[in-house]
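[1] This is a predicted model, with the sequence first.
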Amino acid sequence: MQFKDFMKEHIPIYGVSVALAIGSVFFGLAPYYLVYRLLLDIVQGCSERTVLQYALLIFLALSLQILMHCLSTAISHKTAFSILKKIRLAVTEKMMRMPLGYTQTKGSGYFHSLLIDSIERLEYPLAHAIPETTSNVLLPVSIIALLFSFDWRMGLSLLVPAGLTLLFYLPMYIGIMNEFAATYYTMLETMNGRVIEYIRGNKEIKIFGREDAALSKYDTSIDEYKTATLHLYNRMYIAASPSIIMLSSLLASVLSVGGFLYCAGSLSAHLYLFSVLVSVGIGTSLLKFTEFMDNFYYIKNGERLINEVLSAPELQEPDTAVGEIPNNEIALHHVSFAYEDVQVLHDISLVFPEKTKTAIVGHSGSGKTTVANLIARFWDVQEGSITIGGVAYRDLFLDQLMQRVNYVTQDTFLFNMTIMENIRLGKPDASNEEVIEAAKNAYCHEFIIAFENGYNTSAGDDGAKLSGGQRQRIIIARALLRNAPVLILDEATAYADMENQQKIQKSLEQLCKDKTLILIAHRLSTVTGCDQIILMNNGTVAATGTHSELLKTSPLYAKLWDTHEQSRNWKLERGKGNTLC
């Protein structure tokens, strides 16, 4: 879907809102005509009862005008919020169908700006601009037409300055907005992104003493936004000022033309007074119309961002579901992959046999995590294919795959809910006993019950109330509760202390015996017992085998192991001049 599709769906109800706005214009025009008739009757002589009748009719017309305006606005508001709700849901549902890597590349600031700021700015134009712009256009047109029906000269006295104002203002306004709007909205999105980045990274900023650098980036984005905004607004003021002056000349035009005609005896006094009255109303409406022009650029920018997300690539799913998957063996067949223009994997072919433990090792940037991300289908492969049980990923529904593959990363995330609820995410229908059992197996139980509220303790935003090791163990408990047949662990014990690393490792070995286990490891000592070790180097498979086999056949693995062993034996000795970097 595109932005226009959400609008098309609500055209009928907007038609009702516009119809009511037109009715409001009609009843708003009626008092002017009634005043004209009253002035005419006063000149010809009338009773107090006649004046009272006109007053009641004017009051009734104004009341109906307000009623229809309120109904029109109420309908348009309800419709606008309905559209915004559907857009937000469509964007968030789209995010679930996107490759996870796409959302990570865009960043949280981008989606925060879209879902909260950009979409919210659509509320005013959708709720007000559509019906009210209609009335603010129709009212001047109707008044000018009415004046033409009475006296073409007075109609012309209003039409000429009003037309010149629009002819002068609109092209200049549109030109300025087309020139500067993109820069303005880009700077706004950048500033919003910096705000989110500063808030989310506040702890790291303080830990590493980067307050000045972070504030400098934030301050720069604010200055750039300020510069873009002032540049845009200054140009707009230059364009708007002559237009406002020209709109103010409406009254002067009617007064001078009408006065000349009245003095010449070719215009009646009551028509002269009526023309002066309506010229005041038309100026206000035209000013409102120019104000609403700003909102169309909010719509244009919002449409651009919404369409950009809704047209983004998705993880492709089949039309019909595949039946049973015979086993849980994972295989990569001649897989190549690139992040944008950077080639990361080159013609990789691998097999992860069912119910075996495979480790992927290698230097940073060798492609280990990319392989894991592709197996978890955070991205789709660009060349080649991946299968599970001989069935291609592209022939599976994403939910079908996710029931079989679980991924525990070193980047933990806990929701601002209780520890019990955070663990239960792995299996929403799990009983409290099952949650507690998973926590015990992940060595969480002891520290959880030490909290005053136990399992009902809130984890805080992003698990802020827990230590890194505690968060990691809760993530592992969640994965154990889910019990997917394929488990990917990306250095899952990274934040556990030495004692609990051993406990968690033993627990994982016992609980993952019947699973296809894939370990992304940086510490080689954690993978020596694996059935298979895959050594990655520069996006290719350098070697495969067991630990003992690789020590004999792979010089690169032997070097990595030697470096690892040396790092384990490092010691700090007093007086030796050693430093810890």
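    That came through fine. Numbering: from 1, shown residues only.
[2] so how far does stretch 347-361 reach from one end to the other?
    Distance between the two ends of stretch 347-361: 18 Å, counting by CA to CA, to the nearest Å.
[3] tell me the average confidence for it?
    Here stretch 347-361 scores 91 as its mean pLDDT.
[4] Now do the buried residues in that stretch.
    For stretch 347-361, the neighbour count (16 or more other CB atoms under 10 Å) marks 348, 350, 352, 354, 356, 357, 358, 359, 360, 361 as buried. For glycine as for every other residue, the C-beta is placed from the backbone atoms N, C-alpha and C.
[5] Put together a markdown table for these, with secondary structure and distance to residue 12 on each row.
    A markdown table is the format used below for these (DSSP: H, G, I helix; E, B strand; the rest coil; distance: CB to CB, whole Å):
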| residue | secondary structure | distance to residue 12 |
| --- | --- | --- |
| 348 | strand | 54 |
| 350 | strand | 56 |
| 352 | strand | 55 |
| 354 | coil | 56 |
| 356 | coil | 60 |
| 357 | strand | 61 |
| 358 | strand | 58 |
| 359 | strand | 61 |
| 360 | strand | 57 |
| 361 | strand | 62 |
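[6] ok, of those residues, which one's closest to residue 520?
    residue 360 (5.3 Å; CB to CB).
[7] Help me confirm that that closest one comes into contact with residue 517.
    No: taking contacts as CB atoms under 8 Å, residue 360 lies outside contact range of residue 517: 11.3 Å.
[8] Contacts only, for the closest residue to residue 532 other than its chain neighbours.
    The shortest distance from residue 532 to any residue other than its chain neighbours is 4.5 Å, reached at residue 358 (CB to CB, 6 or more residues apart in numbering). Applying CB atoms under 8 Å, 6 or more residues apart in numbering, we find residue 358 in contact with 352, 516, 517, 518, 519, 530, 531, 532, 533, 534.
[9] May I ask which two of the residues you listed are separated the most?
    516 and 533, at 15.2 Å, using CB to CB across these.
[10] where do the strands sit along the protein?
    For the chain, strands defined by DSSP state E occupy the ranges 330-339, 342-352, 357-362, 383-388, 391-392, 405-408, 486-490, 516-520, 532-537, 540-545.
[11] and stretch 400-416, average pLDDT?
    pLDDT averaged over stretch 400-416 gives 81.
[12] Any buried residues in that stretch, and which?
    Counting neighbours by 16+ other CB under 10 Å, stretch 400-416 gives 400, 401, 404, 405, 406, 407, 408, 409, 410, 412, 414 as buried.
[13] Rebuild the residues you listed as JSON lines, extending it with distance to residue 344.
    Formatted as JSON lines, the buried residues of stretch 400-416 follow (distance: CB to CB, whole Å):
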{"residue": "400", "distance to residue 344": "27"}
{"residue": "401", "distance to residue 344": "22"}
{"residue": "404", "distance to residue 344": "25"}
{"residue": "405", "distance to residue 344": "20"}
{"residue": "406", "distance to residue 344": "23"}
{"residue": "407", "distance to residue 344": "18"}
{"residue": "408", "distance to residue 344": "22"}
{"residue": "409", "distance to residue 344": "17"}
{"residue": "410", "distance to residue 344": "19"}
{"residue": "412", "distance to residue 344": "24"}
{"residue": "414", "distance to residue 344": "29"}
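[14] which one among those gets closest to residue 487?
    Distances from residue 487 to those, taken by CB to CB, are shortest for residue 406, at 5.2 Å.
[15] Quick one: find the helix or strand in this protein with the lowest mean pLDDT.
    Between all helices and strands in the chain, the lowest mean by mean pLDDT, DSSP states H and E belongs to helix 202-207, at a mean of 59.
[16] Can you tell me the number of residues neighbouring residue 221?
    When counting by other CB atoms under 10 Å, one arrives at 21 neighbours for residue 221.
[17] May I have the residues that are in contact with the residue nearest the centre of the chain?
    Closest to where the C-alpha atoms of the chain average out (CA atoms, centre = their mean) is residue 111, at 2.8 Å. Residues in contact with residue 111 (CB under 8 Å, 6+ apart) are 91, 95, 103, 309.
[18] Tell me the spacing between the last one and residue 228.
    This points to residue 309. Counting by CB to CB, to the nearest Å, the gap from residue 309 to residue 228 is 23 Å.
[19] quick one on the thing from earlier: what about the contacts of residue 111, which are in helices?
    Counting by DSSP state H, the part of the contacts of residue 111 found in helices is 91, 95, 103, 309.
[20] what stretches of the stretch 401-550 of the chain score poorly on pLDDT?
    Scanning the stretch 401-550 of the chain for pLDDT under 70 picks out the ranges 410-412, 462, 491-511.
[21] so where do the helices sit in it?
    In the stretch 401-550 of the chain, the helices defined using DSSP state H, counting those that start in this stretch lie at 419-424, 432-441, 445-450, 468-482, 498-511, 547-553.
[22] helices and strands around the fourth one, which ones?
    Think helix 468-482. Packing partners of helix 468-482 (3 or more CB pairs under 8 Å, 6 or more residues apart in numbering; DSSP states H and E): strand 405-408, helix 419-424, helix 432-441, helix 498-511.
[23] quick one: contacts of the first one?
    Put plainly, it is strand 405-408. Residues from elsewhere that reach strand 405-408 (CB under 8 Å, 6+ apart): 372, 375-377, 388, 426, 475-476, 479, 482, 484, 486-490, 492.
[24] For that strand, which strands pair with it and how are they oriented?
    strand 486-490 (parallel) (DSSP bridges).
[25] Compute the inter-axis angle for the strand it pairs with and strand 330-339.
    Strand 486-490 and strand 330-339 are oriented at 40 degrees to each other (axes from the mean of the first three to the mean of the last three CA atoms, to 10 degrees).
[26] what's the angle from strand 486-490 to strand 357-362?
    30 degrees.
[27] Mind exporting the C-alpha coordinates of strand 486-490 to PDB?
    Written as PDB, here are the backbone C-alpha positions of strand 486-490 (Å, rounded to 0.1, in the frame of the first residue of the first chain):
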ATOM      1  CA  VAL A 486      17.600 -24.900  16.100                       C
ATOM      2  CA  LEU A 487      19.500 -22.600  18.500                       C
ATOM      3  CA  ILE A 488      22.000 -19.900  17.500                       C
ATOM      4  CA  LEU A 489      24.100 -18.500  20.200                       C
ATOM      5  CA  ASP A 490      26.200 -15.400  19.400                       C
END
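[28] Pull out the buried residues from that strand.
    In strand 486-490, the ones that count as buried by 16+ other CB under 10 Å are 486, 487, 488, 489, 490.
[29] again, but for stretch 325-335
    Of the residues in stretch 325-335, 325, 328, 329, 330, 331, 332, 333, 335 count as buried by neighbour count, 16+ other CB under 10 Å.
[30] OK, contacts around residue 23?
    Contact partners of residue 23, counting by CB under 8 Å, 6+ apart, are 64, 68.
[31] and if you look at the one 5 residues further on?
    Contact partners of residue 28, counting by CB under 8 Å, 6+ apart, are 61, 62, 65, 135, 139.
[32] Just give the closest residue to the second one, not the sequence neighbours.
    Read it as residue 62. residue 31 (6.1 Å).
[33] Where does pLDDT dip in the stretch 251-400 of the chain?
    Across the stretch 251-400 of the chain (using pLDDT under 70), the flagged ranges come out as 281, 283-284, 287-295.
[34] Go again with 80.
    Along the stretch 251-400 of the chain, the parts satisfying pLDDT under 80 run over 270, 274, 277-278, 280-302, 321-323, 340-341.
[35] Please report how far the closest residue to residue 117 other than its chain neighbours lies from residue 95.
    Using CB to CB, 6+ apart and skipping the chain neighbours, the partner closest in space to residue 117 is residue 192 (6.0 Å). Note on residue 192: its distance to residue 95, by CB to CB, is 17 Å.
[36] Over to residue 128?
    Remark: distance between residue 128 and residue 95 (CB to CB) = 29 Å.
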